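Colleague: got a predicted structure here, sequence first:
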Amino acid sequence: MPSNEIIHNAISELRNKWGFSCAEILDGVEVVCGRSAFQPAIDRKYNRRVDDIEHRPERKKHSKSYYQHLYDHQHGDCIRFSKKCTGRLLTPAKKNHIDHIDPNAPPEIWDTRPNHQLMCSACNSEKSAMSITDQAKHTGHTIAEIIQPGIEDEP
């Protein structure tokens, strides 16, 4: 039996048969395996930013064509996170912000297109570094609606 299937079965048994919550299971994993091995998952559990822990790469400066691609992909629409938002983005690069959909995404995808969206400054300021779960609660959308399919390779 593959190890991921063993882990899945063990977690399912802990949740279904014994009634443990995911947080309690993660606490047990932390005790058994040690904090350092699971630090990123532990930080996500508490919705903490993991920039320092995972040594994320520096943010990139993006080209005007990258802003244009995000703008076109979103059809010029902002995600309307703020009540001050009109729902429309200004011209592609003018006062718009590239936002990380999941601020706690693993380093290998954190600053990539699947984790980027274009937002107006009001929405980006209000969203700040909320986890995807907090974003869903704030906006009333499902997590699946927030995490949209990734965008193709950079032009």
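Modeller: Now that the structure is in, tell me what you want to look at. Numbering: from 1, shown residues only.
Colleague: helix, strand or coil for residue 72?
Modeller: Using DSSP: H, G, I helix; E, B strand; the rest coil as the criterion, the local structure at residue 72 reads helix.
Colleague: tell me the contacts of the closest residue to residue 71 other than its chain neighbours?
Modeller: Computed as C-beta to C-beta, 6 or more residues apart in numbering, the closest residue to residue 71 that is not its neighbour in sequence is residue 92, at 3.9 Å. Using the backbone N, CA and C atoms, a C-beta is placed for each residue, glycine as well. Contact partners of residue 92, counting by C-beta atoms under 8 Å, 6 or more residues apart in numbering, are 64, 67, 68, 70, 71, 118.
Colleague: quick one, phi/psi of the first one?
Modeller: Which is residue 64. Torsion angles at residue 64 (phi, psi; degrees, to the nearest 10) stand at phi -60, psi -30.
Colleague: neighbours around it, how many?
Modeller: Residue 64 has 9 neighbouring residues, counting by other C-beta atoms under 10 Å.
Colleague: got any ranges where the chain has weak pLDDT?
Modeller: 1-4, 35-57, 93, 148-155 (pLDDT under 70).
Colleague: same thing but 80
Modeller: Within the chain, the stretches with pLDDT under 80 are 1-11, 22-60, 80-81, 91-94, 103-107, 128-133, 139, 141, 143-155.
Colleague: domain-wise, how is the chain divided?
Modeller: What automatic domain parsing lists as the domains of the chain is 3-54, 64-146.
Colleague: how about the most centrally placed residue in the chain: what's its closest non-neighbour residue?
Modeller: For the chain, residue 102 is the residue whose C-alpha lies nearest the centre (C-alpha atoms, centre = their mean; 1.3 Å). Nearest residue to residue 102, sequence neighbours excluded (C-beta to C-beta, 6+ apart): residue 132, at 5.3 Å.
Colleague: looking at this, the residue nearest to residue 71 is in a helix?
Modeller: No. The assignment for residue 92, made by three-state DSSP, is coil rather than a helix.
Colleague: residue 108: what secondary structure?
Modeller: Counting by three-state DSSP, the backbone at residue 108 sits in helix.
Colleague: just the buried members of the contacts of residue 92?
Modeller: By neighbour count, with 16 or more other C-beta atoms under 10 Å, these hold 67, 70, 71, 118 as buried.
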